[in-house]
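Student: 3D, please:
(one chain, ligands or ions: 1)
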Amino acid sequence: MSQTFKLVQMQITSLISVLLVPFAFIQSFYSEFPGQNVWDRAYYLTDRYIVHTPKHISQRLRAEKVRYVHNGFQFQQYQGYNSYLKFKRDCVSKRSLYHKRTFTKSTKDKKYIERVKEAVKEVFPADHDDGSLAPVILRLAWHACATYNVETKLGGSNGATMRYIPELTDEGNMGLEVARAALEPVKAEFPEVTYSDLWTLAGKVAIEHMGGPEIEWIPGRYDCMDLKYMPPAGLLPFADKDANHVRTTFTRMGMTDQETVALIGAHGLGRCHKHISGWDGHWTQDPLRFSNEFYKALVSENWHQGTVPETGRRQYYNDDESLMMLNTDMELLRDPSYKFFVMEYAKNEARFFQDFAEAFAKLLELGIRRDTKGDVVLRSTYM
Ligand code: HEM
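Tutor: From the prediction side, this is the model:
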């Protein structure tokens, strides 16, 4: 009797193991993408990126007919079980290639960097918004850095992790594909510079090109291809929120109130787009000139709340509705600590230029550890 029981027990155990093998096989692959469900995802492979998208994003990509081309790259889509097996085979071959160069090192050659800067300047004039891509390229540099977390040391510009999902499809990064795509020809012409160096350098060049202060920029960032170091989505500030949200977001990056207010002064440049964020209009009358006009407008105009008719987004308009402010911008007036710096920068442009230059240089260095020679230390050595 007990022998029959043991036999049955053994059979059940082996049956469970047999059932578990394919599960473990699938799990082993998907454990690289924690929490992802096999059937809910579409996978994309390019010559440079391996990305996977949640279903709703792939549906959006399909709806917008950009399924196979994104950022100028051919995307190969894999969906369904047979296709998934092919994806896995392709990944194994491409991954072995990636593993050899998980981190790509950037150049520090000064002459080379000067040529990159010149090439970036040529990208700015464009049939885009007010005639220049400089504001959106500046926004790319800011968002590339804004994921940094002082506690976990994840995020920041080092790694150019916005090339990958989840950052690539983060709602807050919508519209930045224009900036990334515009810089692709520069990257193709100057392959020695990494994306993370190129995007941050382009931000510096954009500020200076629009008449802003000189920004300190140090080369040497790596391009990371290791999914382990991808920051999560949803870290970027959301414009409908209050001062608490602004403070939580900026202190997570290690920024003080003064640095926060100085950085947001960049809203004197560029504009909001109905088709991107849903907000609409520009903050200043001259959105291609770096100045302290953002603070001046904030304190001197009368602001009333209104709604963008097409999107339902709530924002603030001045009396003749030629300018706009986001709620987070208005919060800088409502929070006493923030307001102190707004008033200061509104009346003293030189001080704004100086504080902005320091805060922006700090922003560009977030997530970067350098050794005594100034070389960037690989995350894999300390994380
Ligand atoms: C509380 C913090 C911030 C929030 C909530 C916020 C939000 C936004 C939103 C909603 C837009 C419009 C996007 C679009 O529709 O195209 C925008 C644009 C812009 N932001 Fe911010 N932002 C913040 C801080 C910053 C900082 C710190 C910088 C730079 C240092 C910056 C630079 C810009 C620029 C240059 C644009 C114009 C982009 C263009 O013309 O395409 N922002 N921001």
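Student: In contact with whatever residue of the chain ends up closest to the ligand, which residues are there?
Tutor: Closest residue of the chain to the ligand, C-beta to the nearest ligand atom: Gly270 (2.3 Å). (Each C-beta comes from the backbone N, C-alpha and C, glycine too.) Gly270 sits next to 129-130, 135-136, 138-139, 282, 287 when contact means C-beta atoms under 8 Å, 6 or more residues apart in numbering.
Student: repeat for Thr284
Tutor: 268-269, 291, 293-294, 297, 323.
Student: Secondary structure element holding it?
Tutor: Here Thr284 is covered by no helix or strand, with elements defined by DSSP states H and E.
Student: what's the closest non-adjacent residue to it?
Tutor: In space, and not counting its chain neighbours, Thr284 is closest to Glu293: 4.1 Å by C-beta to C-beta, 6 or more residues apart in numbering.
Student: Among the contacts of Thr284, which ones are in helices?
Tutor: Among the contacts of Thr284, the members falling in helices (DSSP state H) are 293-294, 297.
Student: ranges for the strands of the stretch 101-250 of the chain?
Tutor: Along the stretch 101-250 of the chain, the segments classed as strands by DSSP state E, counting those that start in this stretch run 103-104, 223-224.
Student: quick one: terminal-to-terminal distance for stretch 362-381?
Tutor: End-to-end distance for stretch 362-381: 22 Å, by C-alpha to C-alpha, to the nearest Å.
Student: right, is it up against the ligand?
Tutor: No. For a cut-off given as C-beta under 6 Å from any ligand atom, stretch 362-381 has no contacts with the ligand; the smallest distance is 6.8 Å.
Student: what do you get for stretch 199-206?
Tutor: No. Under the criterion of C-beta under 6 Å from any ligand atom, stretch 199-206 makes no contact with the ligand; the nearest approach is 8.1 Å.
Student: Show me which residues of this protein sit near the ligand.
Tutor: So the chain meets the ligand at 129, 135-136, 138-139, 142, 175, 237-239, 246, 263-264, 266-267, 269-273, 276-277, 279, 326, 328 (C-beta under 6 Å from any ligand atom).
Student: Please list only the buried members of those.
Tutor: Buried members of the residues of the chain next to the ligand, counted by 16 or more other C-beta atoms under 10 Å: 129, 135-136, 138-139, 142, 175, 237, 239, 246, 263-264, 266-267, 269-272, 277, 279, 326, 328.
Student: Make TSV out of the ones in helices among the contacts of Thr284 and add neighbour count and pLDDT.
Tutor: TSV is the format used below for the ones in helices among the contacts of Thr284 (neighbours: other C-beta atoms under 10 Å; pLDDT from 0 to 100):
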residue	neighbour count	pLDDT
Glu293	22	98
Phe294	23	98
Ala297	21	98
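Student: What is the nearest of those to Ala181?
Tutor: The closest of those to Ala181 turns out to be Phe294 (C-beta to C-beta; 27.4 Å).
Student: looking at it, the closest one is touching His282, isn't it?
Tutor: No. No contact is recorded between Phe294 and His282 when judged using C-beta atoms under 8 Å, the distance being 10.1 Å.
Student: What score does Arg271 have for pLDDT?
Tutor: Predicted confidence (pLDDT) at Arg271: the value is 97.
Student: Over to Ile113?
Tutor: What the model reports as pLDDT for Ile113 is 97.
Student: and the gap between it and Arg271?
Tutor: Ile113 sits 30 Å away from Arg271 when distances are taken as C-beta to C-beta, to the nearest Å.
Student: Could you do His245 as well?
Tutor: 22 Å.
Student: Thr248 now?
Tutor: Plainly put, Thr248 is 26 Å away from Arg271 if you go by C-beta to C-beta.
Student: what number of residues lie near Thr4?
Tutor: The local packing count at Thr4 equals 8, with neighbours defined by other C-beta atoms under 10 Å.
Student: Ramachandran angles for the nearest residue to Met210 once chain neighbours are set aside?
Tutor: If the residues on either side of it in the chain are set aside, Met210 comes closest to Phe290, at 4.4 Å by C-beta to C-beta, 6+ apart. Geometry field for Phe290 lists phi and psi as phi -70, psi 120, criterion degrees, to the nearest 10.
Student: what about Phe290, neighbour count?
Tutor: A total of 25 residues lie near Phe290 under the criterion other C-beta under 10 Å.
Student: mind listing the strands in the stretch 251-383 of the chain by residue range?
Tutor: 271-272, 281-282, 304-307, 314-317, 324-325.
Student: Just say which of these is most tucked in.
Tutor: Counting by mean count of other C-beta atoms under 10 Å, strand 324-325 has the highest mean neighbour count of those, with a mean of 24.
Student: For it, give me every contacting residue.
Tutor: For strand 324-325, the external contacting residues (C-beta under 8 Å, 6+ apart) are 272, 279-283, 297-298, 303, 315-318.
Student: What's the mean pLDDT across it?
Tutor: What strand 324-325 shows for mean pLDDT is 98.
Student: Pretty sure Thr161 sits against Pro231.
Tutor: Yes. With contact defined as C-beta under 8 Å, Thr161 counts as touching Pro231 (6.1 Å).
Student: shared neighbours, these two?
Tutor: Overlap between the neighbourhoods of Thr161 and Pro231 consists of 147, 155, 167, taking contacts as C-beta under 8 Å, 6+ apart.
Student: That's all I had, so thanks and see you.
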